[in-house]
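> Sequence first, then the predicted structure:
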Amino acid sequence: MGINKQQYQKIISELDGKATLVAVSKTKPLEDIKELYDLGQRDFGENYVQELVDKYEQLPKDIKWHFIGHLQSNKVKYIAPFVHLIHAVDSEKLFKEINKQAAKYNQVINCLLQVHISAEVTKYGFDEVELTSFLNSDLTQYKNANICGLMGMASFTEDNNLIKKEFTHLKMLFDQFVQISSLKHQLSILSMGMSADYAFAINAGSNMVRIGSLLFGSRIYNK
């Protein structure tokens, strides 16, 4: 099928350097990723650990691989040697495991804490109380995992006002935590917005968006 080059250029123009585009390439063939790579795209996002490992081994090594799916603690070890950013750190337990596995490879892995902002119960993530408690705890004990921002997913709905409200709320939380002097890890990334709602996310203050179907077309699930 190939990628939509016109759509890619349109999105890059819209972002205008204000936000990083993570091209969500899960289930997509190597040829499509290489095609986007040849246009200058370097940040790619994957949801499945084995698929990410396979693609890492076969594609150029200057690609920045983002793991954007729900990550199980027992699979961290497979991506620890090379992953650029883990987006969906949704528990202290997972963060501890990332720190442990990163240490084995003498790496420091950048992480985003996933915040549950959606009205949907199926979404993962810290709630506000858990997030506040964790970010105010002694994070200096984690030498090999670095919290560099927050991530959130809005509700899957046609109610645009709800989506805007959820994004605005996460930006407010992000701004609050950036101001905390005791927070040892610098929060610089706010990852929110996907193919259907990235424009709302950018307007709300997102500086990283995760876009797949607009670039690659509808996904093919054969797993």
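Arrived safely.
> what's the distance between the nearest residue to residue 49 once chain neighbours are set aside and residue 103?
By the measure of CB to CB, 6 or more residues apart in numbering, the closest residue to residue 49 outside its immediate chain neighbours is residue 75, 4.5 Å from it. From N, CA and C alone the C-beta is placed, and that goes for glycine too. Applying CB to CB, to the nearest Å, the value for residue 75 to residue 103 is 17 Å.
> What are the boundaries of the helices in the chain?
For the chain, the helices defined by DSSP state H occupy 5-15, 30-38, 49-58, 76-79, 92-104, 128-135, 160-178, 198-204, 213-216.
> burial measure for residue 44, as a count.
Residue 44 is surrounded by 26 other residues when neighbours are defined as other CB atoms under 10 Å.
> again but with residue 106, I slipped
A count of neighbours around residue 106, defined by other CB under 10 Å, yields 8.
> for residue 58, same thing?
Using other CB under 10 Å as the criterion, residue 58 is surrounded by 10 other residues.
> Now do the same for it: its pLDDT.
At residue 58, the pLDDT value in this model is 98.
> my guess is it contacts residue 30, does it?
Yes: between residue 58 and residue 30 a contact is recorded at 5.9 Å, counting by CB atoms under 8 Å.
> ok, now which ones touch residue 112?
With contacts defined as CB atoms under 8 Å, 6 or more residues apart in numbering, the neighbours of residue 112 are 85-89, 147-151, 189, 191.
> what's the answer for residue 101, then?
Counted by CB under 8 Å, 6+ apart, residue 101 has contacts 76-77, 80, 109.
> what's the nearest residue to it if we skip its chain neighbours?
In space, and not counting its chain neighbours, residue 101 is closest to residue 80: 4.0 Å by CB to CB, 6+ apart.
> I am assuming the one you found contacts residue 102, so please confirm or correct that.
Yes: judged on CB under 8 Å, residue 80 makes contact with residue 102 at a distance of 5.5 Å.
> Just want to know which of those two has more residues nearby.
Each of residue 80 and residue 102 had its neighbours counted (other CB under 10 Å), and the higher figure belongs to residue 102 (25 against 22).
> if I pick the most centrally placed residue in the chain, what's in contact with it?
Most central residue of the chain, judged by C-alpha distance to the mean C-alpha position with CA atoms, centre = their mean, is residue 87 at 3.3 Å. The contact partners of residue 87, by CB under 8 Å, 6+ apart, come to 45, 66-68, 112, 114, 151, 191, 210.
> ok, of those, which come out buried?
Among the contacts of residue 87, those classed as buried by neighbour count (16 or more other CB atoms under 10 Å) are 45, 66-68, 112, 114, 151, 191, 210.
> Pipe the residues you listed into a markdown table and attach pLDDT per row.
Shown next, in a markdown table, are those (pLDDT from 0 to 100):
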| residue | pLDDT |
| --- | --- |
| 45 | 98 |
| 66 | 98 |
| 67 | 98 |
| 68 | 96 |
| 112 | 97 |
| 114 | 95 |
| 151 | 96 |
| 191 | 97 |
| 210 | 97 |
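> can you redo those as CSV with distance to residue 198?
As requested, the buried ones among the contacts of residue 87 are exported to CSV (distance: CB to CB, whole Å):
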residue, distance to residue 198
45, 13
66, 15
67, 19
68, 14
112, 16
114, 17
151, 14
191, 11
210, 8
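> So which of the helices of the chain is nearest residue 142?
Distances from residue 142 to each of the helices of the chain were compared using CB to CB; the minimum, 4.5 Å, belongs to helix 92-104.
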